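Peer 1: build me a model:
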Amino acid sequence: MNWFLLILGIILLLLTIKGIAFLEKKKTTKSLSNEIKQNSLMVPLVIVLMFLITFIPYQIWNLFGNPVGWEILYIFGFSGVITIVLCFWFYGYQIEHKSTNEKWRY
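Peer 2: Next up is the predicted model:
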């Protein structure tokens, strides 16, 4: 069950980042009301993203058998750093991928 939750969390993390990148690229500064509307759509996604950034290291800690002591620091530190690096890398990839698609569209 822990493996399933970890895989589900990673997939949901990637989908959430993809949604945030989509909304970021879709941003238009035509009016203040449109910008407020788009930012209000991003808030739930960011809340889910923050939950998943903390949930994935917790699931990895569960998979290691709930150790106590210094192992907690190593497990949470390493898996937290890897999760955040994955977030930034995938977000950058999505933004770059969408911008290159827009260049070649016309």
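
Peer 1: what comes up buried for the top helix by length along the chain?
Peer 2: Of all segments of type helix in the chain, defined using DSSP state H, the longest is helix 70-105. Neighbour-count burial for helix 70-105, counted by 16 or more other CB atoms under 10 Å, picks out 75, 79-80, 83, 86-87, 90-91, 94. Bear in mind the C-beta positions are built from the backbone N, C-alpha and C, glycine included.

Peer 1: ok, residue 78 to residue 86 distance?
Peer 2: 12 Å (CB to CB, to the nearest Å).

Peer 1: same check, this time on residue 13
Peer 2: Residue 13 is 7 Å from residue 86, by CB to CB.

Peer 1: again, but for residue 96
Peer 2: 16 Å.

Peer 1: same deal with residue 41?
Peer 2: 23 Å.

Peer 1: that older thread, mind giving me the packing neighbours of the longest helix of the chain?
Peer 2: helix 2-26, helix 32-63 (3 or more CB pairs under 8 Å, 6 or more residues apart in numbering; DSSP states H and E).

Peer 1: report the distance from the last one to the chain centre.
Peer 2: It stands for helix 32-63. Put simply, helix 32-63 sits 7 Å off its chain's centre (CA atoms, centre = their mean, to the nearest Å).

Peer 1: OK, contacts around the spatially closest residue to residue 10 that is not a sequence neighbour?
Peer 2: Closest residue to residue 10 in three dimensions, ignoring its sequence neighbours and counting by CB to CB, 6 or more residues apart in numbering: residue 56, at 6.5 Å. When contacts are counted by CB atoms under 8 Å, 6 or more residues apart in numbering, residue 56 touches 6, 9-10, 13, 79, 83.
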